[in-house]
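1. sequence first, predicted coordinates after that:
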Amino acid sequence: MKTGIKWLTITIVLILAVGLTAGCARKTVYQGDFAEYDLLRQVVGVVEKEYGGVYDVDAMDLALSEAVLTNLDPYSYLSSNAYTQASSATIGLLTHRTVYNEYFVTNVYEGLPADTTFEDGFHLQRGDEIYAVNGNRLRGLGSSYFSAFVAGEVGTELTLTVYREGQKVGDYTYVKQAKTAPNVSYVKDVFGEGSGIAYIKLNTFSLSQTEDGKVHSPATEFAEAMQSLQADGQKGLVLDLRGNGGGSVSVLGEIAAFFVPHEADEQVPVLQLEYTKTKEVYTQKTGKHAYVDIPLTILTDGGTASAAEALTGACRAYNPHVKVIGADTYGKGVFQRTGIKVTDHTKESELTFDDNYYIVLVAGYYYIVDPHAEGGRYNIHGNPIVPDVKATTQTIGALQDDQELIESRQYFDEFFDQE
């Protein structure tokens, strides 16, 4: 362990993320210049000269690097993985946080630890409240506490204190596995057998890395769900983007192709990325999938952000059979460049710090392409998408009892009555 300060002469290799610029890879080397960081230089100098304790230089190096990025904006940060969503340990549980910071189960993924049935017959189900994790009360606390409480590598035990219908059921322990929960959930006939209305929950647009190092895209899962929808003869779709924080614009393009009307082999522009430094503009177009001509409701809330907002806006701009239902979206109109690799060449720490990290950095603003908007496009940063129908579910029960689902059913009834 080193006990002196090493100055951060960091070599940064810039590699554009998969899918961000249509596969175009450029490499640039940067050298940090600290001449203008006068206060930091003084603080480091005083620490070197006056501090009487023992400290780990590599830990300080990492903390300073993280601080530089997190002080830029809420969307720039340092990651240990090249992708915005690494495959990670999980118990296979999806939750919804209410305005009162209560955490209700919305999905339990088959085959993962959360799908366990205990000796007393208990099995997690939709509508259960996660009141505490490992004895730490969760109710009333923000999402950052939830993330901290459930963090951990493979083998980490999570003891969940579960409430059902307002009453404590018990404490149940699950062990995290090295699996990624599905990004897409498909339900046939969500309003009952023969209703002909499908439901798809899309959790993220982010690329992930599998255990064997391969890149996995949620667009693959989504395409499989759409194949099931067509094979099942479904005539309408509820697309649930509540809590979807966005991700890769290439995934956006692939999914948008299903809902933006276009001819065979035609690619329709849905999003423009404008880089602040270079003024370069990259246009994301629809992918290879054929348009599926069915009425569609899109469910949104305050957690619907970035690429999820862009998909909502693009569908609304091009498709006359789309109805947006729920609450105002997050309003994130900036995009990040990922895969900017930084290497700690002088690391000697005895702690388990990585040698390589990846910067996620805001690079510019994105604009939803809309032929009806002034200038043919618009930015939503700080100006969230407002739904056509306001609806917010407060109590999580059966899926079809969500207020957004009730409003969706009304829309489909009216739509098909007019045919």
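-> Received, thanks.

2. now the helix or strand where S144 lies: mean pLDDT?
-> For S144, the element it lies in under DSSP states H and E is helix 143-150. Regarding helix 143-150, the rounded mean pLDDT is 82.

3. how about that helix: buried residues?
-> 145-146, 149-150 (16 or more other CB atoms under 10 Å). Quick note: C-beta positions are derived from backbone N, CA and C, even for glycine.

4. report the distance from it to the chain centre.
-> Relative to its parent chain, helix 143-150 has a centroid offset of 15 Å by CA atoms, centre = their mean, to the nearest Å.

5. where does pLDDT dip in the stretch 151-300 of the chain?
-> 179-180, 211 (pLDDT under 70).

6. hey, where'd the strands end up in it?
-> With DSSP state E, counting those that start in this stretch, the ranges of strands along the stretch 151-300 of the chain come out as 157-164, 167-175, 184-187, 197-202, 208-209, 215-216, 236-240, 269-275, 281-285, 296-300.

7. would you format those strands as CSV with distance to D370 included?
-> Shown next, in CSV, are those (distance: least, CB to CB, whole Å):
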stretch, distance to D370
strand 157-164, 43
strand 167-175, 44
strand 184-187, 26
strand 197-202, 21
strand 208-209, 30
strand 215-216, 30
strand 236-240, 19
strand 269-275, 9
strand 281-285, 13
strand 296-300, 15
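
8. can I get the helix holding S144 in PDB? Just the C-alpha atoms.
-> Output in PDB follows, covering the C-alpha atoms of helix 143-150 (Å, rounded to 0.1, in the frame of the first residue of the first chain):
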ATOM      1  CA  SER A 143     -34.100   4.800  -4.400                       C
ATOM      2  CA  SER A 144     -30.400   5.300  -3.600                       C
ATOM      3  CA  TYR A 145     -31.100   3.500  -0.300                       C
ATOM      4  CA  PHE A 146     -32.800   0.700  -2.100                       C
ATOM      5  CA  SER A 147     -29.700   0.300  -4.400                       C
ATOM      6  CA  ALA A 148     -27.300   0.300  -1.500                       C
ATOM      7  CA  PHE A 149     -29.300  -2.200   0.500                       C
ATOM      8  CA  VAL A 150     -29.600  -4.800  -2.300                       C
END
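
9. contact partners of it?
-> Helix 143-150 is contacted from outside by 95, 97, 103, 133-134, 136, 138, 158, using CB atoms under 8 Å, 6 or more residues apart in numbering.

10. out of those, which sit inside strands?
-> Among those, the ones falling in strands (DSSP state E) are 95, 97, 103, 133, 136, 158.

11. tell me the most packed of those, by neighbour count.
-> Y103 (26 neighbours; other CB atoms under 10 Å).

12. which residues are in contact with the closest residue to G135 other than its chain neighbours?
-> Distance criterion CB to CB, 6 or more residues apart in numbering; nearest residue to G135, sequence neighbours excluded, is T159 at 7.2 Å. Applying CB under 8 Å, 6+ apart, we find T159 in contact with 133-135, 171-174.

13. filter these to the buried ones?
-> Going by neighbour count (16+ other CB under 10 Å), the contacts of T159 have 133-134, 172, 174 buried.

14. export those to a markdown table and tack on distance to H321?
-> Shown next, in a markdown table, are the buried ones among the contacts of T159 (distance: CB to CB, whole Å):
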| residue | distance to H321 |
| --- | --- |
| V133 | 42 |
| N134 | 47 |
| Y172 | 44 |
| Y174 | 42 |
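
15. got phi/psi on V190?
-> phi -60, psi -30 (degrees, to the nearest 10).
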